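Asks: Got a sequence here, can you build the structure:
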Amino acid sequence: MCNTIRVLLFIFIIMYTADWTTTAEIDSEFAAWKDCHTGTFHRIQNRTKAEAKRALIVFSSLSLGNDYRDIQPKLRKHFIDLFMASGTDCTLGKRAIKSGQKESAEIVEYATGYID
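Replies: Numbers count the residues shown, from 1 in each chain. Take a look at the predicted model:
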């Protein structure tokens, strides 16, 4: 019984990636991502919880190099809060935005199995 508890505890501890552990790291990566073509595409969309989750999927893949499910819940929430509070300013052209839309759709489709 005791070994079973140890194994379950070990699995729970390694369940999330150890690459990203602080909100400061997410802040730094978000600052760079929000102005790229995929980040800008997501920021100019309607601010909904669903859009924030799609942005998290793309952000995790491109900026963090991890699956969004591997990111700690507190860091996912921190990203969503940053995303919802970010502005909608856009310095990119239509072609770059369209490229961001296409790349984002591919990442979301791969990660979730569908595009909504």
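
Asks: Could you double-check that residue 44 lies in contact with residue 87?
Replies: No: Residue 44 is beyond contact range of residue 87, at 9.8 Å (criterion: Cβ atoms under 8 Å). Quick note: C-beta positions are derived from backbone N, CA and C, even for glycine.

Asks: which one of those two has more residues nearby?
Replies: With neighbours defined as other Cβ atoms under 10 Å, residue 44 and residue 87 compare such that residue 44 has more, 15 against 8.

Asks: From residue 89, how far off is that one?
Replies: Per Cβ to Cβ, to the nearest Å, residue 44 is found 9 Å from residue 89.

Asks: what do you get for residue 77?
Replies: 24 Å.

Asks: cool, residue 70 as well?
Replies: Using Cβ to Cβ, residue 70 is found at 31 Å from residue 89.

Asks: Looking at those two now, which is surrounded by more residues?
Replies: Neighbour count, other Cβ under 10 Å: between residue 70 and residue 89, residue 70 has more, with 14 against 10.

Asks: and the gap between the more buried one and residue 56?
Replies: The value you get for residue 70 to residue 56, if Cβ to Cβ is used, is 12 Å.

Asks: Go through this structure and flag its longest helix.
Replies: In the chain, taking DSSP state H as the definition, the longest helix is helix 94-112.

Asks: element containing the residue nearest the centre of the chain, please.
Replies: Taking Cα atoms, centre = their mean, the centroid of the chain lies closest to residue 56, which sits 2.3 Å from it. Using DSSP states H and E, residue 56 falls within helix 49-59.

Asks: Alright, that wraps it up for me.
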